[in-house]
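Asks: Provided below for reference: sequence and predicted model.
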Amino acid sequence: MSHCHHKRRRHQSRSLVHNRDSQQDRNNHRSTGYDKQADFHECHHNSIQPNRQYSYFHPPVLATTINEIIHDAEKHPPIVQTLIRELLLERKKRQLIENRLNMREHEYAHLHAQHEAIGNNLALLKHDYDQCRLDLKARSIELNELRHHNHQLRVHVDQLLIDDGQQMNINNEMFYSKRQRKY
């Protein structure tokens, strides 16, 4: 906040605030071989008056929240009102995007649940299919056994019919031979 040593006499007419620190105090805060050019720029910078264009931004306004500034928009300069409108527009856009995102997340959760249900149904169907294949294999084996037994029964019936036919022939022969003996 103080001025450079070589400019000190020239600036003594300015306010006492700028000359508050002594040269000794300033040197205590720096290394022994500090850059005098940098020191001059610092002194010059500190002497510049605040930009009067923004004089209406008194500290209480800067301490207020964005929502308070938005609420009192008409009290602020046009540039601030424009920025507030842009901010509100961006907030609306963000809200729409968040709403869409929430809808998509809800749809995703619903689709994920459907996907899980379909996966479970497929697993159940595969289990049923595998069980049906095993049952079909077992029925096929049983059917082949029944065919085999059926064939054996036919062979047996045929044998019985053959045996029975032979027996009838024998009986007929015996019957006719007895009749012939009588006559």
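Replies: Received the coordinates, thanks. Numbering: from 1, shown residues only.
Asks: can you pull out the helices in this structure?
Replies: 23-28, 36-47, 59-63, 66-71, 78-182 (DSSP state H).
Asks: Reformat those helices as JSON lines; add mean pLDDT and mean neighbour count.
Replies: Yep, even glycine has a C-beta here, placed from its N, CA and C like the rest. Listed next are these as JSON lines, based on pLDDT from 0 to 100; neighbours: other C-beta atoms under 10 Å:
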{"stretch": "helix 23-28", "mean pLDDT": "53", "mean neighbour count": "12"}
{"stretch": "helix 36-47", "mean pLDDT": "51", "mean neighbour count": "13"}
{"stretch": "helix 59-63", "mean pLDDT": "59", "mean neighbour count": "9"}
{"stretch": "helix 66-71", "mean pLDDT": "83", "mean neighbour count": "12"}
{"stretch": "helix 78-182", "mean pLDDT": "93", "mean neighbour count": "10"}
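Asks: what's the distance between H110 and I118?
Replies: 13 Å (C-beta to C-beta, to the nearest Å).
Asks: Likewise for R179?
Replies: In terms of C-beta to C-beta, R179 sits 87 Å off from I118.
Asks: go on, D164?
Replies: On the measure of C-beta to C-beta, D164 and I118 end up 65 Å apart.
Asks: Check H156 too.
Replies: Using C-beta to C-beta, H156 is found at 55 Å from I118.
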